[in-house]
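Trainee: Got a predicted structure plus its sequence, pasted below:
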Amino acid sequence: MPIILLGLALLAAFVYGVVQLYLKVAAAYGAIAGTAAVVALLAALTALAVRWLQRYRAIHGKRVNGERVLALTGDWGSLRLDAERKNGVLEMNGRRVVLIFADIGEARAVAADGKWHIALTLHHHTPADWKIPVADGSTANRWSKIFTLAAAQKL
């Protein structure tokens, strides 16, 4: 119940702030400027919310058939992590490794010879070290963060 009241109080404060913004700007510059200020504020807040949602989905995945899955594929093979079940499958160079998030030791984005890859260390697997090729540095950093969150059981 207190959370609902807090949410209602925040909503009321937001509406009050928007009304005050309109009144101040409209008094100084006219009704059109007041309306434009409110529209600009709402557009900026919407853009921030959309950007946050995109970043959240990029790291935490999106639901597909009730599963929260992150996938990476290439001519080298594929990687699929299931954030709900806390496991994953890595298929690379004809080998298939089924892993749980507790097996992840370390993941780093590494650039070598102008190409990016993720240096992944898995506990209790042979081989323990894997080099997963990715397209660019931002993808390597993203997957490094995903593996770090998975290892900490926070994905």
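Mentor: In hand now; what should we look at? Just so it is clear, the model here is predicted, and its values are computed rather than measured.
Trainee: Every contact and neighbour count from this point should use C-alpha atoms.
Mentor: Noted.
Trainee: Name the spans of this structure whose pLDDT lies under the cut-off.
Mentor: Along the chain, segments meeting pLDDT under 70 are nowhere present.
Trainee: can you map out the strands along it?
Mentor: Ranges of strands within the chain are 62-64, 67-74, 77-82, 87-92, 95-100, 104-112, 115-122, 129-134, based on DSSP state E.
Trainee: Export those strands to CSV and append columns for mean neighbour count.
Mentor: Shown next, in CSV, are the strands of the chain (neighbours: other Cα atoms under 10 Å):
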stretch, mean neighbour count
strand 62-64, 13
strand 67-74, 16
strand 77-82, 19
strand 87-92, 17
strand 95-100, 14
strand 104-112, 18
strand 115-122, 19
strand 129-134, 19
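Trainee: domain assignment for the protein?
Mentor: Using automatic domain parsing, the domain ranges for the chain come out as 2-60, 62-151.
Trainee: closest one to Leu149 among the strands of the chain?
Mentor: If you check each of the strands of the chain against Leu149 by Cα to Cα, strand 104-112 wins as the nearest, at 10.0 Å.
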